[in-house]
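Participant: Fold the following and give me the result.
(4 chains, ligands or ions: 2)
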Amino acid sequence: MEIDPLIFRLSIFILSIFVGYYVVWSVTPSLHTPLMSVTNAISSVIIVGAIIAGLSGNVNSVFNISSIFGFLAIALAAINIFGGFLVTQRMLAMYKKKKKDKK
Amino acid sequence: MEIDPLIFRLSIFILSIFVGYYVVWSVTPSLHTPLMSVTNAISSVIIVGAIIAGLSGNVNSVFNISSIFGFLAIALAAINIFGGFLVTQRMLAMYKKKKKDKK
Amino acid sequence: MISANLSAIFYLVSGVLFILALRGLSSPETSRQGNFFGILGMIIAVTVTFLSTGNFSTGFVYVLIFIIVGGSIGAFIAYRIPMTAMPELVAGFHSLVGLAAVFVAISAFLNPEAFNLGYPGNIKLGSLIEMSIGAAVGAITFSGSIIAFLKLQGIMSGSPITFKGQHPLNAVILISIIVLIYLLCSTQSSNLFWILLAVSFLIGFLLIIPIGGADMPVVISMLNSYSGWAAAGIGFTLENTALIITGALVGSSGAILSYIMCKGMNRSFFNVILGGFGATDEKSSTSSKEQRPVKSGNADDAAFLMKNASSVIIVPGYGMAVAQAQHALREMVDTLKKNDIKVSYAIHPVAGRMPGHMNVLLAEANVPYDEVFELEEINNDFANADVAFVIGANDVTNPVAKTDPQSPIYGMPVLDVEKCKSVLFVKRSLSPGYAGIDNDLFYKENTLMLFADAKKMTEDITKNL
Amino acid sequence: MISANLSAIFYLVSGVLFILALRGLSSPETSRQGNFFGILGMIIAVTVTFLSTGNFSTGFVYVLIFIIVGGSIGAFIAYRIPMTAMPELVAGFHSLVGLAAVFVAISAFLNPEAFNLGYPGNIKLGSLIEMSIGAAVGAITFSGSIIAFLKLQGIMSGSPITFKGQHPLNAVILISIIVLIYLLCSTQSSNLFWILLAVSFLIGFLLIIPIGGADMPVVISMLNSYSGWAAAGIGFTLENTALIITGALVGSSGAILSYIMCKGMNRSFFNVILGGFGATDEKSSTSSKEQRPVKSGNADDAAFLMKNASSVIIVPGYGMAVAQAQHALREMVDTLKKNDIKVSYAIHPVAGRMPGHMNVLLAEANVPYDEVFELEEINNDFANADVAFVIGANDVTNPVAKTDPQSPIYGMPVLDVEKCKSVLFVKRSLSPGYAGIDNDLFYKENTLMLFADAKKMTEDITKNL
Ligand SMILES: NC(=O)c1ccc[n+]([C@@H]2O[C@H](COP(=O)([O-])OP(=O)(O)OC[C@H]3O[C@@H](n4cnc5c(N)ncnc54)[C@H](OP(=O)(O)O)[C@@H]3O)[C@@H](O)[C@H]2O)c1
Ligand SMILES: NC(=O)c1ccc[n+]([C@@H]2O[C@H](COP(=O)([O-])OP(=O)(O)OC[C@H]3O[C@@H](n4cnc5c(N)ncnc54)[C@H](OP(=O)(O)O)[C@@H]3O)[C@@H](O)[C@H]2O)c1
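Facilitator: Ligands and ions are numbered 1, 2, ... in the order given. All right, here's what the predicted structure looks like:
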């Protein structure tokens, strides 16, 4: 009676699509550019796979053909993560409300 | 490395709460009454458990103390399912747009 | 008999269909299709359950019989219930969901083997926790909804029943429930299970009696939310995705509706739940002020005013539902429209006694939904309208909410009917509405009171038009 | 080393934090907190991965080194990039995500044991399918984004590159990708894997070259969506909840933004993706009509008009971004406000070259976001405003979208600037905008053309105020 974990993942995937649909529609149009840069950053969570790949070498040879691709992927994802979040931060810091000069 | 299915169910539960949050906020206020009756109907999907309970008797005794509670639950849930969906249907059928009499 | 995997997929499908059912309610056009998705989801869930047990013996026949019996009762109620009785109906139905959850939990407790949860006296710990939480919440939902139903039906008095030490008592009972669940899980004793159920029924009862009849809609919605969480709890026990998804949907839905109602009344949720609101203030405030002069008129005066108006806004409220005046109202509006008078309806978020109550009643009377507007959409139009025809509404028009910070409804958004050239008030007396506070509008220059039953008065006006 | 269960819970937490990150963007106030949630989610995901591999050997040091190297490059870019270059930046970053996905897939293919996916030459079927789809989509994302980047940077000409038989060729290649995946999964041959990658890179390239430079934003967003689905595919391979949730979020996000852009331009998604729009029409339409007389003025005239206005609406467009005129514009507006002139900004959904482009630029110039309005919010105000100051915008004001059903932009919502008492147009010539069609507004009575670079002209006007 065990259920294949794939089915659970499928459920998670489908529900996440619903969440994504609603959450993105609720983003205000004036923040669509930050939205693009932040999705960029979060999609680099693929670094998780890259780390596993990078650590796949053994003690004698840290670098083997498979781990090298892992390390490259780590670097690429890291560019995205830092670049994406920081540029988003930079943009968002600029959005200001009118200062209440007149009391 | 097997992951406990409970964690998957928890994920499904949490994502469903997000979906529920968004999907219910997107319901138009004029349909809040049908919303109440339809959530009533769908929450009676608990009939699934009731059916399993009802069928838990063996060939000799369909009715044992546990299956009787199952059968009662089936009847209660069925009232809700039919009642809930039909009354919703009845209400929704009444919502009409203005007829375009004047061309 | 189908495999566990296949049935898991189908349960997922039915969960998704339920999501689509609620999604359909985002507009009246898609709502009927949404309801269809809901029905489809339910059919799939039930069919898959049958197929996955693979048991088509005598038991199966009985299951069908009980479904048919229950279904017939449900269908009968659904076709017979008047639209004005929706609040009671929803409360009644909730109690059934709660009881069904309790029964399923009992059955699982007595015969855990049938659910793959272990053996009597040795149920898997996780399942036992989920099951007892599900049972307790289900029991609270049941007894609470019963009280709500009785209060709404008028079988039980709507006034709050309070006594000294009520809140401490409730707190003690709630704590004892948690202790009971803990003990139950460590001892697996069936006696504790029954005690847990009994105490849960009791607390459901005690929690709701101090709450005034008119606060019942918030309570119903809260119980709706509870019933969702109970269903989700049972869903974890049964490892059933459809139940988990549905439970979360229903849980959120009830919570959001409670929130909307509390916001519409400008009261905190805790203020509502702790109870004692409404009954006492009512008497004190009505007695003192009634001396002030009001202008009152008859159907003829009202008809005259409206005939000379170029635009009329109708503000229906609870009284319209009580008087079942929606059809008469619709006829009156038809006559007005024939005289080329622009008519629209303004619905306050908490007009009537449940969210969307007025919308359903107007829809029942064939009022097209594009003539019906929400508060934010129409509130600016009152200033340009000639006549506001307030029928059985009171609190939702009370300007005190904007002016008097002492008032219990201060800060609640209200319809700006006083900005109209003239205001017609159809109600039977000067007595206040649900919030129990006097309405200054009655004594205004441009207000004309029409003291009568809403239905009777509307019909009379139509005759005079 | 932490257990699989615990890390699964943490991955779920980080998925939820990513949801909250996007949710934060629903308003500028909550957006910074949202970004913080996103960062937190990423930190959790990375930390948990370290802990769950439990490998703190030399490899770990190298991982850190590569993270630091990549991170420094990323941080450097993030601080240096001018806000006007956002479209290119996003395209460039996407190509990196795509390539990273490809590399992870390669690594998993070469060393499946490290990922618990079986053994080289005997990888679990499901994983192999997911992996090859992830790799193919990643490769398409990579090469497609590179082309988009080059076109936006101007390194490659923005005009569509078309040739005979392009669409059939693409179709053949796409089919061959599917066949390759099928063969790969049945033979596990590593040669096929490399061929698959090569062909995917090629098709990404071929799919994007026929699309005009100005359509790149739609393409970027579509590729964003692809990169999400690729991430989700890899997430299934790695059985990682955080990746699956994120992939779905990013996938939906890109798809919705593409949809919004296509709707804002009133073009179908397929029309954009099949390419060939823009380049050719441009020349034909500019040549024929230029004879008609226009009123043109200088900074002095413009300053005079605005000084005597009581309300001014600013309509920025792509030209403002090109000229980097946002700061100069802000100074001009400050001067106007000192003279008690009411100023607001009107942003068309597809003004500029990416969604929200103008908003970011204005925010950069310290324009408070509550002075900036979207099309629906402000379109009715043009009728009551004295001056519309159109700076580097063109298509988004073109009334032909409302009047001429033959026009390629017919049906696209536009800003009703022509309803203002007078319209000022800052641009360098009479040449059309991105859609390549002439703008009738230039020749209207109440239009004054200010031919100059946007920044230069704005500064001159400020001097004259
Ligand atoms: N909708 C919801 O979800 C919800 C939920 C919880 C609480 N509430 C509360 O309910 C109230 C709703 O406001 P409301 O303005 O609709 O109603 P209301 O303020 O309760 O007033 C209803 C009025 O209708 C009159 N009425 C009763 N029967 C009538 C009849 N047969 N013919 C003519 N008039 C009749 C009553 O006056 P007479 O006795 O003088 O005739 C009463 O003043 C608000 O205070 C709201 O906070 C609503
Ligand atoms: N925002 C998006 O997401 C998006 C996505 C895809 C496509 N698009 C398309 O992009 C267009 C955007 O419309 P838009 O009105 O913002 O721009 P536009 O119609 O492309 O017009 C921009 C105008 O700016 C002028 N300009 C260029 N450089 C300038 C400078 N340095 N100083 C002054 N003026 C300058 C150009 O005229 P001169 O050459 O005469 O100076 C040009 O007419 C729409 O057609 C839209 O469909 C937008």
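Participant: in terms of contact, does residue C:364 touch residue B:95 like I think?
Facilitator: No. With contact defined as Cβ atoms under 8 Å, residue C:364 does not count as touching residue B:95 (9.6 Å). For every residue, glycine as well, the C-beta is placed using N, CA and C.
Participant: The residue of the stretch 151-300 of chain C found nearest chain D: what secondary structure?
Facilitator: In the stretch 151-300 of chain C, the residue that lies nearest chain D is residue C:248 (13.6 Å; Cβ to the nearest Cβ). With DSSP: H, G, I helix; E, B strand; the rest coil as the basis, residue C:248 sits in helix.
Participant: Could you give me the buried positions within the lengthiest helix in chain A?
Facilitator: Across chain A, the longest stretch assigned as helix under DSSP state H is helix A:65-94. Of the residues in helix A:65-94, those with enough neighbours to count as buried (16 or more other Cβ atoms under 10 Å in any protein chain shown) are A:66-92, A:94.
Participant: ok, residue C:205 - how many residues close by?
Facilitator: If you count neighbours by other Cβ atoms under 10 Å in any protein chain shown, residue C:205 ends up with 16.
Participant: Could you tell me what pLDDT the model assigned to it?
Facilitator: Looking at residue C:205, its pLDDT stands at 90.
Participant: before we move on, back to that, of the buried residues of helix A:65-94, list those near chain D.
Facilitator: A:66-67, A:69-92, A:94 (Cβ under 8 Å from any Cβ of the partner chain).
Participant: mind checking how far the residue nearest in space to the middle of chain A is from residue D:321?
Facilitator: Nearest to the geometric centre of chain A sits residue A:42, at 1.3 Å (Cα atoms, centre = their mean). Look at residue A:42 and residue D:321: by Cβ to Cβ, to the nearest Å, they are 26 Å apart.
Participant: Ok, residue A:35 next?
Facilitator: 18 Å.
Participant: Low-confidence regions, the chain specifically.
Facilitator: Picked chain A for this. For chain A, the stretches with pLDDT under 70 are A:1, A:57-60, A:99-103.
Participant: switch to chain C, that's the one I care about
Facilitator: C:1, C:275-291.
Participant: give me the residue from it nearest ligand 1.
Facilitator: Relative to ligand 1, the nearest point of chain C is residue C:433 (2.1 Å; Cβ to the nearest ligand atom).
Participant: Hmm, residue C:392 and that residue touching each other?
Facilitator: No. Contact criterion Cβ under 8 Å: residue C:433 and residue C:392 do not qualify, at 9.0 Å.
Participant: Quickly list what's touching both of those two.
Facilitator: The contact sets of residue C:433 and residue C:392 overlap at C:317, C:318 (Cβ atoms under 8 Å, 6 or more residues apart in numbering or on different chains).
Participant: For the residue of the stretch 151-300 of chain C closest to chain D, which non-adjacent residue is spatially closest?
Facilitator: Counting by Cβ to Cβ, 6 or more residues apart in numbering or on different chains, residue C:248 lies nearest to residue B:16, which is 3.5 Å off, once chain neighbours are set aside.
Participant: Specify the local secondary structure of the one you found.
Facilitator: Going by three-state DSSP: residue B:16 is helix.
Participant: what residues are up against it?
Facilitator: Shown in contact with residue B:16 (Cβ under 8 Å, 6+ apart): A:15, C:15, C:244, C:245, C:247, C:248, C:249.
Participant: Packing partners of the helix or strand where residue A:43 lies?
Facilitator: Residue A:43 is part of helix A:32-43 when elements are defined by DSSP states H and E. Here helix A:32-43 touches helix A:65-94, helix D:4-24, helix D:28-53, helix D:86-110, helix D:216-238, helix D:241-265, helix D:357-364, going by 3 or more Cβ pairs under 8 Å, 6 or more residues apart in numbering or on different chains; DSSP states H and E.
Participant: Between these, which one is closest to residue D:300.
Facilitator: helix D:357-364 (25.8 Å; Cβ to Cβ).
Participant: Smallest distance to ligand 2 belongs to which residue of chain A?
Facilitator: Per Cβ to the nearest ligand atom, residue A:32 is where chain A lies closest to ligand 2, at 8.0 Å.
Participant: what's the neighbour count on that residue?
Facilitator: Residue A:32 has 24 nearby residues by other Cβ under 10 Å.
Participant: for chain B, what are the nearby residues on the stretch 201-350 of chain C?
Facilitator: So the stretch 201-350 of chain C meets chain B at C:220-221, C:224, C:227-228, C:231-232, C:234-254, C:256-257, C:260, C:347, C:349 (Cβ under 8 Å from any Cβ).
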